[in-house]
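Chemist: predicted model and sequence follow; I will ask about them next.
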Amino acid sequence: MGLPTASGPSPLGHRIGPADAAVATELDLLPVLRDNLVPILHNSRQAVVVDPADAAPVSRWLQERQLELVAILHTHHHSDHIGGTPGLLQHWPGAAVVAAAADRLRIPLQTLGVEDGDRLELLGRRLKVLAVPGHTLQHLAYWLEPLTRRDAAASGSVEGDGNGEDSGGDLFCGDSLFAAGCGRMFEGTPEQMQASLQRFASLPPATRVWCAHEYTEANLRWAVTVAPEDAAIRSRLEQVQALRRQGGCTIPSTIALERQTNLMLRAPDAAGFARLRRHKDGFQG
């Protein structure tokens, strides 16, 4: 990658924040604008934000907790994903801005350009960069690799399935994969998007999915019209509607749940995916 690092080199490529994996990290989700969701990975001192759409609420959240912003991750160039970065850099000018090296013209504030397969270390956690074209040609996702049970116990981080099993990690997927759906294809092809979705499907089932918008109910309302006999989809829609009536958020999802109830992810090939995407694009429900 060849760009300056935030805290010096590591065997994984670049290290941002402390190298001590025993420092507990947590993940929070901040709703901003109409339906954007900003994941925030943090420990007791520092934080990393993903796709900050709006600087003011993110800055306020961090300052209330006395957290130093050390990095911003961008999945793609759309304004509701990079719009908050200039304001955040006014408060934390030393924060690294991680984005697709191939999209430097459209994400000009990046300080660390990355590509498929690159690895970073964020707040002591290992992270892998995934190229997932479809929504945009240079769309990236970031997979925060699982903590082992020993790591989680040492750090005090809350991960796993509650039964002592290793976690599946956490996926920051922007607008490529949504809960029960996927992003529109503004630049990519059905072949690219379907391949990207299958790449997500290959991740560990317990992987938590942190997408960038609260679209779950709308996606499931469409899905039940396509697969009205699918009991798992109907049940998920009912659960989501009940949660939304109470003001709850449906994110994170999991890869296991998406494999079961996401028709886009279940498409057997690019042609089948393309038919579903066209149908969804015209859905008015």
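Modeler: Arrived safely, thanks for sending.

Chemist: what stretches of the protein score poorly on pLDDT?
Modeler: 1-13, 18-23, 148-166 (pLDDT under 70).

Chemist: let's see that with 50 instead.
Modeler: 1-12, 22, 153, 158-165 (pLDDT under 50).

Chemist: how far away is the spatially most central residue of the chain from A256?
Modeler: Residue closest to the average C-alpha location in the chain (C-alpha atoms, centre = their mean): F172, at 1.6 Å. Note on F172: its distance to A256, by C-beta to C-beta, to the nearest Å, is 18 Å. From N, CA and C alone the C-beta is placed, and that goes for glycine too.

Chemist: quick one: secondary structure of R184?
Modeler: Here R184 is recorded as coil under DSSP: H, G, I helix; E, B strand; the rest coil.

Chemist: then the residue nearest to the centre of the chain would be within a strand, right?
Modeler: Yes - residue state for F172 (three-state DSSP) corresponds to a strand.

Chemist: contacting residues around it?
Modeler: Shown in contact with F172 (C-beta atoms under 8 Å, 6 or more residues apart in numbering): P39, V50, D51, L73, T75, A141, Y142, W143, L144, W210.

Chemist: can you do 10 Å?
Modeler: Going by C-beta atoms under 10 Å, 6 or more residues apart in numbering, F172 touches 27, 39, 41, 48, 50-51, 73, 75, 127, 130, 140-144, 208-212.

Chemist: ranges for the helices of the chain?
Modeler: In the chain, the helices defined using DSSP state H lie at 55-64, 79-82, 85-91, 149-155, 190-201, 216-226, 231-245, 255-261, 263-266, 270-281.

Chemist: want to try TSV for the ones you listed, with mean neighbour count and distance to L112 as columns?
Modeler: Shown next, in TSV, are the helices of the chain (neighbours: other C-beta atoms under 10 Å; distance: least, C-beta to C-beta, whole Å):
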stretch	mean neighbour count	distance to L112
helix 55-64	16	19
helix 79-82	18	14
helix 85-91	16	13
helix 149-155	15	24
helix 190-201	20	22
helix 216-226	19	31
helix 231-245	15	36
helix 255-261	20	27
helix 263-266	21	30
helix 270-281	16	32
